[in-house]
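K.L.:
here you go, sequence then predicted model.
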Amino acid sequence: MQIYLPIAEISVNILVILGMGGAVGFLSGMFGVGGGFLMTPLLIFSGIPPAVAIATEANQIVASSVSGALAQWRRGNVDVLMGTVLLAGGIVGSFFGVQLVKILRQLGHVDLIISLSYVTFLGIIGSLMLVESLNAIRKLRAGGSPSSRRPGQHNWIHGLPYKLRFHRSKLYISAIPPLIIGFFVGILAAVMGVGGGFIMVPAMIYLLRVPTNVVVGTSLFQIVFVTALVTVLHATENQTVDVVLALLLMIGGVIGAQFGVKAGQKLKGEQMRAILAIMVLGVCLRLGLDLVIEPSELYSLTLFTGGL
């Protein structure tokens, strides 16, 4: 069953798009990530123009993250104050990122920058997460503690000013690190079409020492508002949001997120991090191969409509 996408200007199979949305929604509810790190490359692989993929995927992330965040809220896994501080940084980063995409589109480099950004960030974050989670699992099986540091244990962050008490996370730390994390996540949401969970989740766990169960809900809480803002900005500034594609992705995402939350409750924190790391590295490898393997068609022709 085919449907025409007016902004992307191609026809796609409805069932395939719904299935992709459901799979990403499942990941959103399970790991506390928007799922854009997987969906945006999948859309690009399907022939969707990168600029349309990143803008439209931000829209889909809103729906799946709302569904997952509500489920986590009912379980008491959302630190509202932490999420609000992350959101403040994310708003600033979103405005910056959307303007950056606009400039790159004018220069004609947006496709390459998106691919390089994915390979770089996914490769680094996925490798670090996989090594840490495997070490934690090995320690746990040996009868030790999966982490040598406890949530809230003092590190260099505790020496920074402007401290706030985050009751749900059981932390008393500076608001500066969450603001900076939120800022970079906002940029990633705009430039890469992701919720930024694959950056935020490990940063909150390893840098801020937020308990893993609280990280998932708080990450989704922040992602909802940042990706909603990014969607509006892309629609008004770049006109790259395909509403038909976004609607199909949202329907699948909302349904998948509910199943993801239930599945996530059955896994331990270190197991969830290991699975997420493997998926991140898999996407990184696929994108990396596309950058280095010679394409079947070395040249493409497009109609130039500009004037002198």
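P.N.:
Right, received. Where do you want to start? Numbers count the residues shown, from 1 in each chain.
K.L.:
and the longest helix along the chain, which residues are buried?
P.N.:
The single longest helix within the chain, with elements called by DSSP state H, is helix 110-141. Of the residues in helix 110-141, those buried under the neighbour-count criterion (16 or more other C-beta atoms under 10 Å) are 110, 113-115, 117-119, 121-123, 125-126, 129-130, 132-133, 136-137. The C-beta positions use only the backbone N, C-alpha and C, and glycine is treated the same way.
K.L.:
how about the strands of this structure, start to end?
P.N.:
Using DSSP state E, the strands found in the chain span residues 2-5, 10-13, 163-166, 171-174.
K.L.:
could I get the average pLDDT for the last one?
P.N.:
Strand 171-174 carries an average pLDDT of 81.
K.L.:
in that strand, what counts as buried?
P.N.:
Buried residues in strand 171-174, counted by 16+ other C-beta under 10 Å: 171, 173-174.
K.L.:
also the third one?
P.N.:
Burial within strand 163-166, assessed by neighbour count using 16+ other C-beta under 10 Å, is assigned to Phe166.
K.L.:
just checking: what are the partner strands of that strand?
P.N.:
In the sheet, strand 163-166 lines up against strand 171-174 (antiparallel) (DSSP bridges).
K.L.:
give me the distance from the strand it pairs with to the chain's centre.
P.N.:
On the basis of C-alpha atoms, centre = their mean, to the nearest Å, strand 171-174 is displaced by 25 Å from the centre of the chain it belongs to.
K.L.:
could you do stretch 85-102 as well?
P.N.:
14 Å.
K.L.:
rewinding a little: ok, the buried residues of strand 171-174 vs Ala257, which is closest?
P.N.:
Leu171 (26.8 Å; C-beta to C-beta).
K.L.:
ok, the closest one touching Val210?
P.N.:
Yes. If you go by C-beta atoms under 8 Å, Leu171 and Val210 touch, sitting 6.8 Å apart.
K.L.:
now the buried residues of strand 171-174 as JSON lines including distance to Gly76?
P.N.:
Compiled in JSON lines, the buried residues of strand 171-174 are given as follows (distance: C-beta to C-beta, whole Å):
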{"residue": "Leu171", "distance to Gly76": "16"}
{"residue": "Ile173", "distance to Gly76": "21"}
{"residue": "Ser174", "distance to Gly76": "25"}
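K.L.:
where does the stretch 101-250 of the chain have low pLDDT?
P.N.:
Applying pLDDT under 70 to the stretch 101-250 of the chain flags residues 110, 144-159, 193-198.
K.L.:
the helices in the stretch 101-250 of the chain, which residues?
P.N.:
For the stretch 101-250 of the chain, applying DSSP state H, counting those that start in this stretch gives helices covering 110-141, 176-192, 197-202, 212-237, 243-264.
K.L.:
let me have those helices in TSV, extended by distance to Leu100.
P.N.:
Putting the helices of the stretch 101-250 of the chain into TSV (distance: least, C-beta to C-beta, whole Å) gives the following:
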stretch	distance to Leu100
helix 110-141	9
helix 176-192	6
helix 197-202	17
helix 212-237	11
helix 243-264	22
